[in-house]
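A.B. asks: Build me a model:
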Amino acid sequence: MNASIPLDGAHIVAAATPARSKSPFNQGRPIVRAADGRLMRARTYDAHGDACGPLLSDDDLQTLIAAGQALPLERPVPAAPGLVVWVLRAGFVDRELALHRLRAGRWVHALQPGPEHAWVCVVDARDAALQSVRDDWQTTATEKALDAGREGRWKTAEQWAEQAYALSPGLAPEPLALLLITHERTGRAARARGLRAMAERSRGAAFAERLDESVAQLRAQLRSSLDEHPPAQSQTLDRLRAALAARGRPLDRRSARLVEYAA
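C.D. replies: Numbering: from 1, shown residues only. Modelled structure (predicted):
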């Protein structure tokens with residue numbers, strides 16, 4: 001059941017986003033402790049500026065943290081309407097330039113270190129200029145991925161495609177299509193198939209059709225590079241095959257699919 005709490009004297013103590021992730025970027029709603037001690041996962045704000053959302057107990061919060069589903073802040077941050085938490089992880093390409101732009105624009109309400117060399121930024125999601133910064137980051141990542149793909153530098157293209165996908169405000173077909181192609185070219189075809197299946201399950205057949213159209217359009221853009229540079233073989237599978245061969249054991253098909261997807 002949703003409730004509301006006033007933000008006077010309230011502090012953000014955690015964010016509803018994974019503490020550890022392979023994604024270069026995550027955004028999470030704040031988990032707020034009110035002046036009276038109540039905890040809430042703030043989802044919206046009412047006309048009075050109060051936070052609205054489900055209440056949590058301290059045990060609930062600790063359970064979320066222990067499960068890796070919430071990121072505790074190193075230091076509590078004064079709460080205000082519209083604040084969200086951005087996590088720029090170690091895999092975020094050109095992260096120092098991104099952080100410099102955030103600080104120069106005075107968009108950062110708080111900046112703290114996070115797990116695995118991440119930077120945790122508390123920002124105001126209502127600021128249209130800040131949203132344009134995120135859009136710029138996504139556009140740059142997309143262009144860099146396409147440029148690298150055209151040159152056959154598919155590992156670099158994959159890294160940029162992962163960033164463009166992470167920065168997308170929702171599940172959109174274009175960034176996902178680019179990610180699928182780069183996964184295929186770097187020996188992660190099974191993972192690409194798994195992501196497509198996930199998208200179809202969560203968004204339906206119509207979205208999957210739009211995704212397939214986006215993949216086809218990107219293949220046409222990248223045709224010369226795709227023809228010139230064949231997909232890489234899964235290095236994980238190669239290492240596993242070699243290890244099993246040394247022990248005189250074959251790699252069965254089911255195990256190969258599981259390992260390839262996890263790669």
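A.B. asks: how distant is stretch 109-119 from the center of its chain?
C.D. replies: Stretch 109-119 sits 16 Å away from the centroid of its parent chain (C-alpha atoms, centre = their mean, to the nearest Å).
A.B. asks: So what touches it?
C.D. replies: Stretch 109-119 is contacted from outside by 19-20, 71, 73-75, 77-78, 80, 83, 87-90, 95, 99, 102-103, 120-124, using C-beta atoms under 8 Å, 6 or more residues apart in numbering. Just so you know, the C-beta spots here come from the backbone N, C-alpha and C atoms, and that holds for glycine as well.
A.B. asks: Okay, buried residues for it please.
C.D. replies: For stretch 109-119, burial by neighbour count (16 or more other C-beta atoms under 10 Å) applies to 109-111, 114-115, 118-119.
A.B. asks: starting at the chain centroid, how far to the lengthiest helix in the chain?
C.D. replies: Criterion DSSP state H: the longest helix present in the chain is helix 128-150. Relative to the chain's own centre, helix 128-150 is displaced by 14 Å; criterion: C-alpha atoms, centre = their mean.
A.B. asks: what number of residues lie near the spatially closest residue to Arg185 that is not a sequence neighbour?
C.D. replies: Spatial nearest neighbour of Arg185, excluding adjacent residues (C-beta to C-beta, 6 or more residues apart in numbering): Trp154 at 4.0 Å. Trp154: 24 surrounding residues under other C-beta atoms under 10 Å.
A.B. asks: And the one 4 residues further on, by the same measure?
C.D. replies: If you count neighbours by other C-beta under 10 Å, Glu158 ends up with 22.
A.B. asks: Next one: the residue nearest to it when sequence neighbours are not counted from Trp154, what distance?
C.D. replies: Nearest non-adjacent residue to Glu158, counting by C-beta to C-beta, 6+ apart: Thr182, 3.8 Å away. Counting by C-beta to C-beta, to the nearest Å, the separation of Thr182 from Trp154 is 6 Å.
A.B. asks: that older thread, would you point out the most distant pair within the buried residues of stretch 109-119?
C.D. replies: His109 and Pro115 (20.2 Å; C-beta to C-beta).
A.B. asks: Next up, identify which helix or strand Val77 is on.
C.D. replies: Assigned by DSSP states H and E, Val77 falls within strand 71-78.
A.B. asks: If I look at Gln233, what pLDDT would I see?
C.D. replies: pLDDT recorded at Gln233 is 59.
A.B. asks: nope, Arg239 is what I was after
C.D. replies: For Arg239, pLDDT reads 59.
A.B. asks: next one: Thr236
C.D. replies: Note on Thr236: pLDDT of 52.
A.B. asks: Surely the residue nearest to Glu158 is in a helix?
C.D. replies: Yes: secondary structure of Thr182 (DSSP: H, G, I helix; E, B strand; the rest coil): part of a helix.
A.B. asks: sorry, back to before: what about the strand holding Val77, average pLDDT?
C.D. replies: 97.
A.B. asks: now swap in stretch 83-102 and tell me
C.D. replies: Rounded mean pLDDT across stretch 83-102 is 97.
A.B. asks: Not counting it itself, show me its contacts.
C.D. replies: With contacts defined as C-beta under 8 Å, 6+ apart, stretch 83-102 is touched by 12, 15, 17, 21-30, 71, 73, 77, 108-109, 111, 114, 116-125, 133, 137, 141, 144, 159-160, 162-163.
A.B. asks: hmm, 6 Å instead?
C.D. replies: With contact meaning C-beta atoms under 6 Å, 6 or more residues apart in numbering, stretch 83-102 is reached by 15, 24-28, 30, 108, 117-125, 163.
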